[in-house]
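>>> Structure, please.
(4 chains)
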Number of protein chains: 2
Amino acid sequence: MAGERSGAGDPAKTLRLLWREPDDTPRRGPRPGLTVDTVVDTATAIADAEGLAALTVRRVAADLGVSAMTVYTYVPGKAELVDAMLDAAYARMRRADTTGRPWRERLTAVADENRTLCRTHPWVAGVHTARPTLGPGAMARYEHELSALDGLGLTDVQLDDAVTYLTGFVYGCARAEADARAAATDSAMNDEQWWAANAPLLAKVFDAATYPLAARVGSAAGAAHGAAYDPDHAYAFGLARVLDGLATLIER
Amino acid sequence: MAGERSGAGDPAKTLRLLWREPDDTPRRGPRPGLTVDTVVDTATAIADAEGLAALTVRRVAADLGVSAMTVYTYVPGKAELVDAMLDAAYARMRRADTTGRPWRERLTAVADENRTLCRTHPWVAGVHTARPTLGPGAMARYEHELSALDGLGLTDVQLDDAVTYLTGFVYGCARAEADARAAATDSAMNDEQWWAANAPLLAKVFDAATYPLAARVGSAAGAAHGAAYDPDHAYAFGLARVLDGLATLIER
DNA sequence: ATTAATCTTGTACGTTGTACAGAGTAACGC
DNA sequence: GCGTTACTCTGTACAACGTACAAGATTAAT
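Below is the predicted model:
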């Protein structure tokens, strides 16, 4: 199971799980020792602390003090567990009420809220969401994001386009940041150490005359950020561009 | 080995591989039956046809007609193999000469070239490149992309920012598109079938009065694209915004 | 008291990257 | 010509993964 993906489980089971639909059949047998929420919260804590790669069914079970297969009593499979984690995280997002504020401020709030989510739960950016989680958290999030752009004269399709574009940018940044952190953790080398290990070797094969711009700009960017990639800077630069780009659509 | 990551191997070995540095020691022993290039090309063909998840060392070996461990004679490990695949793909990119054309046209060409790469090799968007491949292909690509923005009065740092922003957008789109395709393949359900399976179940739990915008805009967007997500539309909409956003920086 | 549903567990399978030991092969120093 | 040495190639092995399956334990409905 490489690369977690949302919406990958059985639709009926997934929706029942996300909306916590109670089983209407009479409940015989032993009382459940756990709840769906404790399983989801335990899994979230693991992913928060150690990343998606550390999120294994065995590990969740161990943290819950049960055997691995017991997890499957509460959740149909790992795919559905990740869906539930994601929807719960969406549901917990702080959503500022920016009614009446200028649209740039409202969109900045939406972007920042999603960025905060991805920093609180770094694994969120790593889940492939081509098939969205159709739970209450995702619905609340989508509703809120649309409302930030409502009433500006955009068509419904443009509204969806703009929200998709804005959040796509934020999650792209978050993914890059999470990748950088994961690379540093896995290799036990921070960016600086990695570049220090590569620079002398690269100098032997890289000819600055063949790639003059790359040599000049690359070293300028590296010097400016103290690293090859600065997540905060990329977010600030990008968000300004995103808003300017949407301005030509909104203030046409 | 979930989620392939570039730059994850030993720096010295990786750089020797990427730049095809010959071993200077005298070559005793049996003649190699393969070359690094055939290994990289075979691996690329597998990933092209069946995705990154199907790219296993055993599979590469089988396609080459050798045993699994023989692959390690040519490549230090899977991480370095992916680096070599990526750098080779960068090296093969068609790079249009747009000297003298308006900057929007030049940047559109850069975006399209990267999009073409990600459609020719859908696995490219799935590789985490926090640690870039430092091979000749990556250098040529970076040089070319910077040249498209050179001479417009931007600082070196802004040049890097803008290129990072533009390519980040393109790869974000490509990732979303690849995710959608992978989800359809893995679930043996296309988007339409997946929505058809979910819609009636969702209708039971989803209250349109609680999420009025989501209900209205979601169905409008779905109807307009014939699916929940239309990669071509998202790319076209987004690229227009990206260029408009950079315009305020360039034509200040 | 019997039945049936439910929770919980241990075992087992196939798949992954790759460490390791050993067998075969070809060029070098003599 | 002849070891010696470096190299290619192979089979076996390991730990970790998600989870199918069967069996045992527990409790409500009949």
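>>> Which residues of chain A lie near DNA strand D?
A:1, A:26-31, A:55-59, A:68-69, A:72, A:77-79 (Cβ under 7 Å from any atom of the strand). Where C-beta positions appear, they are placed from N, C-alpha and C, glycine not excepted.
>>> For ChimeraX, write the selection for the buried entries among the residues you listed.
Selecting the buried subset of those in ChimeraX, with 16 or more other Cβ atoms under 10 Å in any protein chain shown as the burial test, is done by:
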select /A:55,57,59,77,78,79
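>>> Sort out for me which of the residues of chain A next to DNA strand D are in helices.
Counting by DSSP state H, the residues of chain A next to DNA strand D place A:Val57, A:Arg58, A:Arg59, A:Tyr72, A:Lys78, A:Ala79 in helices.
>>> May I see those organised as JSON lines, with distance to A:Gly222 and pLDDT added?
Converted to JSON lines, these look like this (distance: Cβ to Cβ, whole Å; pLDDT from 0 to 100):
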{"residue": "A:Val57", "distance to A:Gly222": "41", "pLDDT": "97"}
{"residue": "A:Arg58", "distance to A:Gly222": "41", "pLDDT": "97"}
{"residue": "A:Arg59", "distance to A:Gly222": "38", "pLDDT": "97"}
{"residue": "A:Tyr72", "distance to A:Gly222": "48", "pLDDT": "96"}
{"residue": "A:Lys78", "distance to A:Gly222": "39", "pLDDT": "95"}
{"residue": "A:Ala79", "distance to A:Gly222": "40", "pLDDT": "93"}
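>>> Closest one of these to B:Gly51?
B:Gly51 lies nearest to A:Ala79 out of those, by Cβ to Cβ, at 17.3 Å.
>>> just how off-centre is the helix or strand hosting A:Asp161 within its chain?
Applying DSSP states H and E as the criterion places A:Asp161 in helix A:156-187. Centre-to-centre, helix A:156-187 and its host chain are 7 Å apart (Cα atoms, centre = their mean, to the nearest Å).
>>> elements contacting it?
If you count contacts as 3 or more Cβ pairs under 8 Å, 6 or more residues apart in numbering or on different chains; DSSP states H and E, helix A:156-187 packs onto helix A:103-120, helix A:136-147, helix A:191-205, helix A:231-250, helix B:156-187, helix B:212-225, helix B:231-250.
>>> As a quick check, tell me the outermost residue of chain A.
A:Ala209 (40.3 Å; Cα atoms, centre = their mean).
>>> and that residue, helix, strand or coil?
Of the three states, A:Ala209 takes coil under DSSP: H, G, I helix; E, B strand; the rest coil.
>>> Any idea which of the helices and strands packed on helix A:156-187 gets closest to DNA strand C?
helix B:156-187 (14.6 Å; Cβ to the nearest atom of the strand).
>>> Measure how buried the nearest residue to A:Lys13 once chain neighbours are set aside is and give me the count.
Among residues not flanking A:Lys13 along the chain, A:Pro76 sits closest, at 4.5 Å (Cβ to Cβ, 6 or more residues apart in numbering or on different chains). By other Cβ atoms under 10 Å in any protein chain shown, 18 other residues sit near A:Pro76.
>>> Please apply the same query to A:Tyr211.
20.
>>> which one is A:Ala227 nearest to, not counting chain neighbours?
That would be A:Asp191: by Cβ to Cβ, 6+ apart, it lies 4.5 Å from A:Ala227.
>>> give the contact list for that neighbour.
A:Ala180, A:Ala184, A:Ala227, A:Ala228, A:Tyr229 (Cβ atoms under 8 Å, 6 or more residues apart in numbering or on different chains).
>>> before we move on, what about A:Val170?
With Cβ under 8 Å, 6+ apart, A:Val170 has these contacts: A:Ala111, A:Asn114, A:Arg115, A:Cys118, A:Tyr235.
>>> ok, now how distant is it from A:Ala125?
A:Val170 sits 9 Å away from A:Ala125, taking Cβ to Cβ, to the nearest Å as the criterion.
>>> what do those two both touch?
Joint contacts of A:Val170 and A:Ala125 (Cβ under 8 Å, 6+ apart) are A:Cys118.
>>> tell me the contacts of A:Tyr211?
B:Met139, B:Ala140, B:Tyr142, B:Glu143.
>>> In the stretch 101-250 of chain A, which residue sits nearest DNA strand D?
A:Trp123 (13.0 Å).
>>> Read off the pLDDT value for that residue.
Confidence at A:Trp123, expressed as pLDDT, is 96.
>>> Just to be sure, it is in a helix?
Yes: applying three-state DSSP, one finds A:Trp123 inside a helix.
>>> Low-confidence ranges, chain A, go.
Scanning chain A for pLDDT under 70 picks out the ranges A:1-2, A:24, A:26.
>>> which bits of it sit near DNA strand C?
Residues of chain A found near DNA strand C (Cβ under 7 Å from any atom of the strand) are A:23, A:25-34, A:66-70, A:72-73.
>>> returning to what we had before: can you verify my assumption that the residue of the stretch 101-250 of chain A closest to DNA strand D contacts A:Ala49?
No: using Cβ atoms under 8 Å, A:Trp123 is not in contact with A:Ala49, being 9.9 Å away.
>>> More neighbours: which of the two?
Higher neighbour count among A:Trp123 and A:Ala49: A:Trp123, with 26 against 10, using other Cβ under 10 Å.
>>> need the contact list for that one.
A:Ala47, A:Asp48, A:Gly51, A:Leu52, A:Leu55, A:Ala178.
>>> can you tell me which of those residues lies nearest to DNA strand D?
A:Leu55 (6.5 Å).
>>> Got the phi and psi for that closest one?
phi -80, psi 90 (degrees, to the nearest 10).
>>> nearest spatial neighbour of it, skipping sequence neighbours?
A:Ala47 (4.7 Å).
>>> which SS class is the one you found?
Quick answer, by three-state DSSP: A:Ala47 is helix.
>>> what do you get for A:Ala130?
Under three-state DSSP, A:Ala130 falls in the coil class.
>>> pretty sure it contacts B:Thr185?
No: look at A:Ala130 against B:Thr185 with Cβ under 8 Å: they stay out of range, at 11.0 Å.
>>> So between the two, which is more surrounded?
Using other Cβ under 10 Å as the criterion, A:Ala130 and B:Thr185 rank with A:Ala130 on top: 22 against 13.
>>> show me what contacts the nearest residue in space to the more buried one that is not next to it in sequence?
With Cβ to Cβ, 6+ apart as the criterion, A:Ala130 has its nearest non-adjacent residue at 3.8 Å, and that residue is B:Asp179. With contact taken as Cβ under 8 Å, 6+ apart, B:Asp179 is in contact with A:Arg5, A:His128, A:Thr129, A:Ala130.
>>> Could you identify the most distant pair in the contacts of A:Tyr211?
Greatest spatial distance among the contacts of A:Tyr211 (Cβ to Cβ): B:Ala140 and B:Tyr142, at 7.5 Å.
>>> So between those two, which is more surrounded?
B:Tyr142 (21 against 18).
>>> what's the neighbour count on the residue lying closest to that one once chain neighbours are set aside?
Distance criterion Cβ to Cβ, 6+ apart; nearest residue to B:Tyr142, sequence neighbours excluded, is A:Ala214 at 4.6 Å. Residues near A:Ala214, counting by other Cβ under 10 Å, number 22.
>>> got a list of what A:Ala214 touches?
Applying Cβ under 8 Å, 6+ apart to A:Ala214 gives the contacts B:Met139, B:Tyr142, B:Glu143, B:Leu146.
>>> Rebuild those residues as TSV, extending it with distance to A:Asp87.
Formatted as TSV, those follow (distance: Cβ to Cβ, whole Å):
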residue	distance to A:Asp87
B:Met139	43
B:Tyr142	39
B:Glu143	44
B:Leu146	42
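>>> out of these, who has the most neighbours?
When neighbours are counted by other Cβ under 10 Å, B:Met139 leads those with 26 neighbours.
>>> Tell me who's in contact with it.
A:Phe206, A:Thr210, A:Tyr211, A:Ala214.
>>> from these, which single one is nearest A:Arg104?
The closest of the contacts of B:Met139, once distances to A:Arg104 are taken by Cβ to Cβ, is A:Ala214, at 34.5 Å.
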